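Enquirer: The amino acid sequence is not available; the structure is as follows:
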Ligand code: HH2
């Protein structure tokens, strides 16, 4: 899943693709690099980010969505807002990626009647405040229980099981230690009966581990992605599609080594 941030303030690429034509060009580049799916986001959820009014978010998002809907690649929309969800589905989005796990009022109803996929993510708190001393007893068990509950709520609202994707939410109300424990314990999240999406690309935990800024976290991002896939992640949400595909090609070749001459 290639990330397309149509925002002025995303933590890594904020402002690089903030207007429609550069966002579309970036998306087309990611498709050329082999993205199977694109995630379009028009509101940053980085720690400390302030919410954007839904009309502004929609005004950033919809022209890009319209320009890409014939691209042949399914389009996911990263939003917390039911009004944006509905507008995106009307314009042909295939998936709603909600870092709020469809807990906002009206969010579940906005997607239930459609046939779109949904991504339900774990977050502790809200982006503005989520990094203010998050605490867990057992982070892996708590995230797993939360995702089990949200998937059940989605099923109860009429969302079929094969439309549901779950995500432990790396960096959303978690310290570096929490994120590393979650990465190591990802298998137990993947053992739930839903595909698991993982977003670790260029995140600050990788900066803490390596001492590097967002622009220098490519190697750490590829390593983290591969560790997640080894533990069963089905979808990896990344800024760097070509490098990610190369790493996955090495893994695939290793797994198929016996059948290669
Ligand atoms: N991470 C970000 C945004 N959306 N969605 C899911 N499902 N999982 C994630 O881990 C995830 C996400 C943050 O990354 P980015 O979009 O690059 O930054 P920003 O929120 O600042 O735009």
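Expert: Arrived safely, thanks for sending. Owing to the predicted nature of the structure, the values given are computational and were not obtained by experimental measurement.

Enquirer: show me the contacts for the closest residue to residue 35 other than its chain neighbours.
Expert: Distances taken as Cβ to Cβ, 6 or more residues apart in numbering put residue 2 closest to residue 35, at 3.5 Å, once the chain neighbours are dropped. To be clear about C-beta, it is placed using only N, CA and C from the backbone, and glycine gets the same treatment. Applying Cβ atoms under 8 Å, 6 or more residues apart in numbering, we find residue 2 in contact with 27, 30-31, 33, 35, 37-39, 238-239, 241.

Enquirer: Now render these as CSV, adding pLDDT, neighbour count and distance to the ligand.
Expert: As requested, the contacts of residue 2 are exported to CSV (pLDDT from 0 to 100; neighbours: other Cβ atoms under 10 Å; distance: Cβ to the nearest ligand atom, whole Å):
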residue, pLDDT, neighbour count, distance to the ligand
27, 98, 25, 14
30, 98, 22, 13
31, 98, 18, 18
33, 98, 15, 16
35, 98, 24, 14
37, 98, 19, 12
38, 98, 26, 12
39, 98, 23, 7
238, 98, 27, 9
239, 98, 22, 6
241, 98, 21, 13
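
Enquirer: Setting aside sequence neighbours, what's the nearest residue to the closest residue to the ligand within the chain?
Expert: Nearest residue of the chain to the ligand: residue 199, at 2.2 Å (Cβ to the nearest ligand atom). Nearest residue to residue 199, sequence neighbours excluded (Cβ to Cβ, 6+ apart): residue 237, at 3.9 Å.

Enquirer: wait, that neighbour sits on residue 201?
Expert: Yes: the pair residue 237 and residue 201 passes the contact test of Cβ atoms under 8 Å, sitting 6.4 Å apart.

Enquirer: Next, count neighbours for residue 141.
Expert: 12 (other Cβ atoms under 10 Å).

Enquirer: part of a helix, is it?
Expert: Yes: residue assignment for residue 141, taken from DSSP: H, G, I helix; E, B strand; the rest coil, places it within a helix.

Enquirer: Which residue lies closest in space to residue 151, excluding its sequence neighbours?
Expert: Per Cβ to Cβ, 6+ apart, closest to residue 151 is residue 164, 5.4 Å.

Enquirer: One more: residue 233?
Expert: residue 198 (4.3 Å).
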